[in-house]
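Asks: after the sequence you'll find the predicted model.
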Amino acid sequence: MSVSAVVPAGGSGTRMGGPVPKQFQSLNGKPILFYTLKTLQDSGVISEIVLVVPEKEYKAACADWLGKPEIVKKVVIGGEKRQDSVFNGFVEVSQDTEIVLVHDGVRPLLSQKMISESIHAAREYGAAITAIPVSDTIKRVDSSGLVSETIDREGLWRVQTPQAFRYPLLKEAFEKANSENFYGTDEGTLIEHLGKPVKIVEGSEQNIKITRPEDLELSETFISRAFPEI
Ligand code: C5P
């Protein structure tokens with residue numbers, strides 16, 4: 001049974017600065033997105049990738065840029081919010097696929113273990129998300145910068161990608177969310193909104209979402225370790 005991946009890389013990445021969105025910025029000489037796509041291809045378990053990019057980068061992403069892997073079968077244009085972009089990618093996935101794995105283009109440090117464990121858990125539970133337990137103290141802060149509440153961190157997890165879903169379940173979740181104009185910041189939220197279980201798979205502190213310039217610096221060492229040949 002097949003696994004398809006949707007890689008949302010359709011954001012403008014404005015917090016990062018620079019002439020191109022962050023997913024196309026260089027990390028040790030290659031675009032951030034190159035590492036993300038390479039790790040997905042190297043897993044050997046994914047049969048197609050649908051890559052979602054901003055409209056401005058569409059032409060360049062369709063061309064054979066910097067070793068885009070062969071399993072990138074389709075490139076589509078993103079939407080206003082992340083969820084819209086994932087949906088634009090999802091509708092292009094082969095309808096006979098068993099599992100859809102969603103992974104942020106700007107998380108180049110995902111591991112093979114995360115990919116295989118999330119697929120395995122999705123087969124068993126229907127939906128699986130990668131996450132790590134919260135270790136910092138968590139506070140709610142009001143608009144004037146004063147602490148209004150300390151939140152008990154017991155049982156709190158920080159959610160990452162990859163996230164994997166049985167195809168029909170994710171389809172149902174998108175249909176419900178779209179008909180109600182319901183938005184979540186990850187696809188796991190859409191499954192919860194359906195009232196269905198979502199299994200946690202262990203993520204890693206290294207699986208950074210590159211958002212700010214300091215994230216790029218932090219990733220450089222990890223990337224050279226993970227890709228010694230590049
Ligand atoms: O917005 P956020 O930082 O959570 O982005 C996570 C991923 O979603 C990034 O890879 C980004 O390019 C992508 N994204 C997208 N379409 C948007 C917004 C974000 O594909 N409209």
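Replies: Arrived safely.
Asks: count of residues packed around the closest residue to Ala177 other than its chain neighbours?
Replies: Nearest residue to Ala177, sequence neighbours excluded (Cβ to Cβ, 6 or more residues apart in numbering): Leu190, at 4.8 Å. Where you see a C-beta, it was placed from the backbone N, CA and C, and this is true even at glycine. Leu190 is flanked by 27 other residues according to other Cβ atoms under 10 Å.
Asks: host element of Leu190?
Replies: Using DSSP states H and E, Leu190 falls within helix 187-194.
Asks: so for the helix or strand just after that helix, what gets flagged as buried?
Replies: Using DSSP H and E, the helix or strand that follows helix 187-194 in sequence is strand 199-202. Within strand 199-202, the residues that qualify as buried are 199-201, counting by 16 or more other Cβ atoms under 10 Å.
Asks: where are the low-confidence patches of this structure?
Replies: Applying pLDDT under 70 to the chain flags the ranges 14, 64-67.
Asks: quick check: bridge partners of Ala131?
Replies: Val159, Glu202 (DSSP bridges).
Asks: measure it to Ser204 for me?
Replies: Ala131 is 10 Å from Ser204, where distance means Cβ to Cβ, to the nearest Å.
Asks: for Ser26, which non-adjacent residue is closest in space?
Replies: With Cβ to Cβ, 6+ apart, the residue lying closest to Ser26 is Ile32, at 7.9 Å.
Asks: separation between that neighbour and Ser2?
Replies: According to Cβ to Cβ, Ile32 stands 27 Å off from Ser2.
Asks: for Ile49, same thing?
Replies: Computed as Cβ to Cβ, the Ile49 to Ser2 distance reads 12 Å.
Asks: just the strands in the protein please.
Replies: Applying DSSP state E to the chain gives strands spanning 3-8, 26-27, 30-31, 48-53, 72-77, 99-102, 127-133, 138-141, 147-151, 157-166, 199-202.
Asks: of all the ones you listed, which one comes closest to the ligand?
Replies: strand 3-8 (3.2 Å; Cβ to the nearest ligand atom).
Asks: what pairs with the closest one, parallel or antiparallel?
Replies: Next to strand 3-8 in the sheet, as set by DSSP bridges, lie strand 48-53 (parallel), strand 99-102 (parallel).
Asks: can you list these in CSV and add distance to the ligand and mean neighbour count?
Replies: Listed next are these as CSV, based on distance: least, Cβ to the nearest ligand atom, whole Å; neighbours: other Cβ atoms under 10 Å:
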stretch, distance to the ligand, mean neighbour count
strand 48-53, 5, 25
strand 99-102, 9, 25
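Asks: is it correct that Val20 is in contact with Glu57?
Replies: Yes - under the criterion of Cβ atoms under 8 Å, Val20 makes contact with Glu57 at 7.3 Å.
Asks: looking at these two, which one has more neighbours?
Replies: Glu57 (20 against 16).
Asks: residues from the protein in reach of the ligand?
Replies: Contacts of the chain with the ligand, taken as Cβ under 6 Å from any ligand atom, map to 8-11, 23, 52, 78-82, 85, 104-106, 211.
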